[in-house]
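[1] output the structure for:
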Amino acid sequence: MVEKYDVVIIGAGPVGLTLSTCLARWGYRIKHIDNRPEPTPTGRADGIQPRSLDLLRNMGLKRKIMAYEPAKVYEVAFWDPSAKGIHRTGTWASCPKFIDARYPFTTLLHQGMIERVFIEDIEKHGVQIQRPWTITGFQNDGQDSSYPVEVRLAHVDGTATETVRAKYLFSGEGARSFVRDQLGVKIHHLDPIAHVWGVMDGVVRTNFPDIKMKCTIHSDAGSIMVIPRENNMVRLYIQIASSTDPDWNPRKTATTEEVQQHAKDILKPYTISWDRVEWYSVYPIGQGIAERYTLDERVFMGGDACHTHSPKAGQGMNTAFLDAVNLAWKIHHVESGFAPRTLLSTYESERKLIAENLLNFDAKYSKLFSARIPSAGEVAGAASNEPAENEFVKTFKASCEFTSGYGVAYNPNTINWGPEHAAQHPLFLAYEKGTTQRPGRILTPATVTRVVDANVVHLEQEIPLNGSYRMYLFAGSPSKTSTALKDLATHIANPSSFYSIFAHREKDKDTPTDRYHEPHNPHTDFLSLCTVFNAPRSKISIAEMLPEVFARYRDHVYADDVWDQRVPDAKAAAHAKMGLDEESGGVVIVRPDGYVGCVVKLAEGKGTCEALNQYFGVLTGKKLGEERAAL
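    Residues are numbered from 1 along each chain as shown. Just a heads-up that it's a prediction; the model follows:
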């Protein structure tokens, strides 16, 4: 009897683990293998960017990661050559204030600890990672219409084999992906390899003043990047070779001692020695991207199997997290019957665009980082009172939004509304024309007061990553919007509306499921609903001010009464940050992964519901909101 699974996942690095975590929580049957006997013991990826921390918190995993007491980077120091060696030329916020981030820092912790947090969650939901196993073959042969992919697996030592069938196969195998090779998908390299770097994690003794900071150091002897780590460790990225060297060899290696000596030369006049080295590796920098992420929307790839780049900007693991979450909710919506299979085509188009942007940025960043900056002596003659910022610092500042993760911007498509979208209605609000929320970008964070318990909360975190769309009903001033709210409630109660079409179906009519304590999905797993009033909490009565359909989400009713320094003059800061009228409000639809889908004006009559029915009709492939003939 061949075992059948919803998804077979190859590789238990960040991308495979994130996908497995989401789908296991949402009840899918998963086969997850990895060819390593145990999780990453040391080294590898280490930086979690601010946007990824939002995501981990939304998954309920941030606290466990923070329990490892990671280093946090708030500032980056720039060091350049001087007459006596190196000197600090300035510092810059890692996540500057112009980015509206809840966690304006980069978190640094070795990949193995991050993996452990995910593995524990996966095991709690009944999935065990099978080690050390590998994939030996697969084919989408369609012999079973429900489980069209045959996957052949084997123990690494060849003592056992297994053949299973799956609805989907996912490769999170990293840069040397067997699945990608078998599919014949080529990696497109931007430029030939131009630099070789060494990376070393260890505990050091040094009089270098910024060893606990992230630093970019350029000296006449070469370049180093300093990254503080947990447990008093520090990571050093040290340039070993460059294509401009007379004896250039992209496969050049160096011993630990050689790299340490090189670091000592670069850091002069400061001294450094190592108490211990935990991990050391040498790698060439190359930027590569897969031509495709899937050929048939049954076999998918993500993470390093699709994109490789230098670790300088700390993007690899963060990009992998977002690849996985993007694919997870789309598989979930297709398999739940919420969306047609065509939704899966947006995985490649959205995530490949982000990888291309990342590679272009990274190529520029690495080139600048590896380039030799003129020494102080060389520029002394041209020195003025105000030192001009060099190209590296300018690029670094311009790229902060991108590196923090908030720069991700998906193009308009079926799920991100735009002027060319198939759903057209006069009540859609376009970006910068009635709203600051741009479809395809993350929802702006806002702080509000929860009515039921007076807790001040982060609105964007109130609905967890549960695979549901999020409907934020900014209800403006109650006196002005009460009719609009009643009208919207009336129209979404129509059995064929976007809100009702996927309502929970009772398996047994005699004993209906008790959903009294269900805060997020009492009515449907398709979406969750939050209502935000422009009123003080003490003046909000849920039962009196909200129609039953909205009042049912009593745990998700909020007062927009918390002052925000970004909109200091606003009476209702959350409304103002969304760019919505503080009196008349609006509706913001957010995808399950936290990106805005569309924004609609809140108006009296049936228009608001009509616009939402049109938008969700395109997503679901269903005709929504049509009156059904009554017998």
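[2] all helices of the stretch 501-631 of the chain, in order?
    All helices of the stretch 501-631 of the chain, identified by DSSP state H, counting those that start in this stretch, fall at 542-545, 548-551, 573-577, 607-620.
[3] contacts for the first one, please.
    By that I understand helix 542-545. Helix 542-545 has contacts (CB atoms under 8 Å, 6 or more residues apart in numbering) with 451-452, 478, 482, 533, 551, 554, 557. Quick note: C-beta positions are derived from backbone N, CA and C, even for glycine.
[4] could I get those in CSV, plus columns for pLDDT?
    Rendered in CSV, the data for these read as follows (pLDDT from 0 to 100):
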residue, pLDDT
Val451, 98
Val452, 98
Pro478, 97
Ser482, 97
Phe533, 98
Ala551, 97
Arg554, 97
Val557, 98
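[5] which parts of the stretch 501-631 of the chain are strands?
    Residue ranges of the strands in the stretch 501-631 of the chain, as given by DSSP state E, counting those that start in this stretch, are 527-533, 557-559, 586-590, 596-600.
[6] show me what the second one pairs with in its sheet, parallel or antiparallel.
    The reference is to strand 557-559. Based on DSSP bridges, the strands next to strand 557-559 in the sheet, each with its direction, are strand 447-450 (antiparallel), strand 527-533 (parallel).
[7] comparing those, which comes out most buried?
    Neighbour counts (mean count of other CB atoms under 10 Å) averaged over each of the strands paired with strand 557-559 peak at strand 527-533, with a mean of 25.
[8] how far is that one from where the chain is centred?
    Using CA atoms, centre = their mean, to the nearest Å, the mean C-alpha position of strand 527-533 is found 23 Å from that of the whole chain.
[9] how about stretch 191-200?
    Relative to the mean C-alpha coordinate of its chain, stretch 191-200 is positioned 26 Å out (CA atoms, centre = their mean).
[10] can you check stretch 395-405 too?
    Offset of stretch 395-405 from its chain centre (CA atoms, centre = their mean): 15 Å.
[11] could you export it as CSV, CA atoms only?
    In CSV, the C-alpha atoms belonging to stretch 395-405 read as follows (Å, rounded to 0.1, in the frame of the first residue of the first chain):
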residue,chain,number,x,y,z
THR,A,395,23.7,52.6,-1.1
PHE,A,396,23.4,51.3,2.5
LYS,A,397,21.0,54.1,3.5
ALA,A,398,18.9,53.8,0.3
SER,A,399,18.6,50.0,0.9
CYS,A,400,17.5,50.0,4.5
GLU,A,401,13.8,49.6,3.6
PHE,A,402,14.7,46.7,1.3
THR,A,403,17.0,44.9,3.8
SER,A,404,14.5,45.4,6.7
GLY,A,405,12.0,43.3,4.6
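[12] contact partners of it?
    49-52, 54, 76, 78, 92-96, 98-99, 101, 216, 313-315, 318, 322, 357-358, 361, 364-365, 368, 389, 407.
[13] in strands, which of those appear?
    76, 78, 92-93, 216 (DSSP state E).
[14] now the residues you listed as TSV including pLDDT, distance to Val299 and neighbour count?
    As requested, the ones in strands among the contacts of stretch 395-405 are exported to TSV (pLDDT from 0 to 100; distance: CB to CB, whole Å; neighbours: other CB atoms under 10 Å):
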residue	pLDDT	distance to Val299	neighbour count
Val76	90	40	22
Phe78	90	44	20
Trp92	86	43	15
Ala93	88	42	16
Thr216	89	40	21
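[15] re earlier: select from the contacts of helix 542-545 the one having the most neighbours.
    The residue in the contacts of helix 542-545 with the most neighbours, by other CB atoms under 10 Å, is Phe533 (29 neighbours).
[16] any idea what it is bridged to?
    As assigned using DSSP bridges, the partners bridged with Phe533 are Ala559.
[17] quick revisit: and of the ones in strands among the contacts of stretch 395-405, the nearest to His32?
    Minimum distance to His32 across these is 36.6 Å, recorded for Val76 (CB to CB).
[18] I'd say that closest one and Arg88 touch.
    No: using CB atoms under 8 Å, Val76 is not in contact with Arg88; the gap is 11.1 Å.
[19] between the ones in strands among the contacts of stretch 395-405, which is nearest Leu624?
    When the ones in strands among the contacts of stretch 395-405 are compared for distance to Leu624 (CB to CB), Ala93 comes out closest, at 45.6 Å.
[20] which residues touch the closest one?
    By CB under 8 Å, 6+ apart, the contact list for Ala93 reads 74-76, 104, 400.
[21] one more time with 6 Å, if that's ok
    With contacts defined as CB atoms under 6 Å, 6 or more residues apart in numbering, Ala93 is in contact with Glu75.
[22] shaky segments in the stretch 251-400 of the chain?
    Regions of the stretch 251-400 of the chain meeting the criterion pLDDT under 70 cover residues 310-314, 365-366, 368-389, 392-393, 396-398.
[23] can you pull out the strands in it?
    Read by DSSP E, counting those that start in this stretch, the stretch 251-400 of the chain holds these strands, from start to end of the chain: 272-285, 288-290, 299-301, 307-308.
[24] which other helices and strands does the last one contact?
    Identification of packing neighbours for strand 307-308 by 3 or more CB pairs under 6 Å, 6 or more residues apart in numbering; DSSP states H and E yields no helix or strand.
[25] quick one: contacts of it?
    Outside of strand 307-308, the residues within contact range by CB under 6 Å, 6+ apart are 175, 288-289, 355.
[26] tell me the gap between it and the middle of its chain.
    Relative to the centre of its chain, strand 307-308 is centred 16 Å away, using CA atoms, centre = their mean.
[27] starting from that strand, tell me which strands it pairs with and how they run.
    Strand 307-308 has the following sheet partners, assigned by DSSP bridges: strand 288-290 (antiparallel).
[28] ok now the partner strand, how far from the chain's centre?
    Centroid displacement of strand 288-290 relative to its chain, using CA atoms, centre = their mean, is 19 Å.
[29] same check, this time on stretch 186-203
    On CA atoms, centre = their mean, the centre of stretch 186-203 falls 23 Å from the chain's centre.
[30] which residues sit against that stretch?
    Stretch 186-203 is contacted from outside by 43, 232-233, 235-243, 250, 252, 254, 259, 274-282, 284-291, 359, 363, 370, using CB under 6 Å, 6+ apart.
[31] and those residues, which are buried?
    Neighbour-count burial (16 or more other CB atoms under 10 Å) is assigned, among the contacts of stretch 186-203, to 43, 233, 235-242, 254, 259, 274, 277-280, 282, 284-290, 359, 363, 370.
[32] and of the strands of the stretch 501-631 of the chain, who's closest to Gly440?
    strand 596-600 (7.0 Å).
[33] elements contacting the closest one?
    strand 586-590, helix 607-620.
[34] coming back round to it: Glu582: which of the contacts of helix 542-545 is nearest?
    Here the nearest of those to Glu582, counting by CB to CB, is Phe533; it sits at 10.8 Å.
[35] mind listing what the closest one touches?
    Phe533 sits next to 475, 478, 540, 559 when contact means CB under 6 Å, 6+ apart.
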